[in-house]
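**Q** A predicted structure for the sequence below; I have some questions about it.
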Amino acid sequence: MLRKERVLVAMSGGVDSSVAAALLHQQGYEVIGITMKTWDYANSGGDTKETGCCSLDSINDARAVAVKLGFPHFIIDIRQEFGDYVIDNFVEEYLAGRTPNPCVLCNTHIKWEALLRRADKMECHWIATGHYAQLRNENGRIVLFRGRDSWKDQSYVLWGLSQTYLQRTLLPIGNYQKQEIRAMAAQMGFENLAKKSESYEICFIPDNDYRSFLRRKKPELAAALSQGEFRLKNGKKVGYHQGYPFYTIGQRKGLPAMGEPYYVIAIEPATNTVIIGKEEELFEQRMIVRKVNLIKYEKVPENGLACTVKIRYKDAGTAAWVYPYKKDEVLVIFEQPVRAITPGQSAVFYEDGDVIGGGWIAVVGESTKKN
């Protein structure tokens, strides 16, 4: 069998990326495996054991796959790049009253860039990952679309990939169901990977306690922001909180007793104020999305684009119209009000399963009319 081009495969040590590498190896590609060390949780002051893609066990699992299949494997340390960009952004976003999405930021601005830089050095034409999403060439553009496994589909977290990145990307498992990937891993002799549990935590917060993480990163934070005020939309003070970065839109726990359910509906960093309200006050119909990256089309038409918009990873999506706004910004008007639109999260625009593009939610509600 003629050997195909050389491909650099990102291997986290999980079943998905391992099977992705194995499939490419079977297809005749010259595979080189690479594992990126992004975070060392043991040095962060947390109590939880290091887990996920950064753990020694995961690195060893990735290397074992490469050794068994007979292709090279390397480890690269990108902790400084990751910390300087992803973690600093994570902290800054909370301090700005927004709720960040570090996995999207990491995929689009750290991992792909780091992969391509190493791929060039190793003379690899392609890079590949174990994401559940698919690609096709259409009208001179690479179109990203949903993976066949609707539950595992990861197209939402890849909206930030440019055409330059996509043109050199392979997604080998996008047309498979998760159970098929596990079955293939077992057939290939990787029984331990086939049974390996999913990891849903943010890699640098494996205990899922982002508030403790913020306090460790900014020890002066709690004292400086304590005794901030809870207020209603009409300005009435109803209690005190321990700092606005520790709250997010839609949150119900940790709020003053009001006799009925209340939720966080807005955050005002300038005054250290958290606005709370009834559930119906969580619903909005407009938002401005910034730093937009378009994948399927070069631009949004002036008369708007009808699509389905997801405002979080597991969101089913809502019908909306997307209009050009300012440079790298769009205005989204939903056909019906949407619950808990959260600044700092990703908004991703879909058309029949294709990713039109996406960006960061910046302004929500009536205030969009004032910009």
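**A** Alright, I've got the coordinates.

**Q** can you confirm residue 76 is in a helix?
**A** No - per DSSP: H, G, I helix; E, B strand; the rest coil, residue 76 lies outside any helix segment and is strand.

**Q** OK, contacts around residue 301?
**A** With contact taken as C-beta atoms under 8 Å, 6 or more residues apart in numbering, residue 301 is in contact with residue 324. In this view, the C-beta of every residue, glycine as well, is placed from N, C-alpha and C.

**Q** for it, helix, strand, or coil?
**A** Three-state call for residue 301 (three-state DSSP): coil.

**Q** low pLDDT regions in the protein?
**A** Of all residues in the chain, those with pLDDT under 70 make up the ranges 1-3, 40-54, 200-201, 222-223, 367, 369-371.

**Q** run through the helices of it in chain order.
**A** With DSSP state H, the ranges of helices along the chain come out as 15-26, 56-69, 79-82, 88-95, 102-106, 112-121, 163-166, 178-187, 191-194, 210-217, 221-225.

**Q** which of these sits closest to residue 136?
**A** Closest to residue 136 of the helices of the chain is helix 163-166 (C-beta to C-beta; 10.3 Å).

**Q** domains of the protein?
**A** Following automatic domain parsing, one finds the domains of the chain at 6-194, 226-277, 282-370.

**Q** let me have these in a markdown table, adding distance to residue 220 as columns.
**A** Shown next, in a markdown table, are those (distance: least, C-beta to C-beta, whole Å):
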| stretch | distance to residue 220 |
| --- | --- |
| domain 6-194 | 12 |
| domain 226-277 | 11 |
| domain 282-370 | 22 |
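
**Q** which other residues reach stretch 171-178?
**A** Taking C-beta under 8 Å, 6+ apart as the rule, stretch 171-178 contacts 16, 19-20, 23-24, 128-135, 147-149, 151-152, 181, 184.

**Q** again with stretch 240-259
**A** Contacts of stretch 240-259 (C-beta under 8 Å, 6+ apart): 94-95, 97, 99, 211, 214, 221-222, 224-230, 238-239, 261-269, 272-274, 276, 282, 339-343.

**Q** with stretch 107-115 instead?
**A** For stretch 107-115, the surrounding residues in contact (C-beta under 8 Å, 6+ apart) are 8, 10, 34, 36, 38, 76, 78, 81-82, 85-86, 127, 129, 157-161, 165, 169, 293.

**Q** now, those that are in strands?
**A** If you go by DSSP state E, the contacts of stretch 107-115 have 8, 10, 34, 36, 76, 127, 169, 293 in strands.

**Q** most tightly surrounded among the helices of the chain?
**A** Across the helices of the chain, the average number of neighbours (mean count of other C-beta atoms under 10 Å) peaks for helix 15-26, which reaches a mean of 24.

**Q** run the chain-centre distance for it.
**A** Here helix 15-26 is found 22 Å from its chain centre; the criterion is C-alpha atoms, centre = their mean, to the nearest Å.
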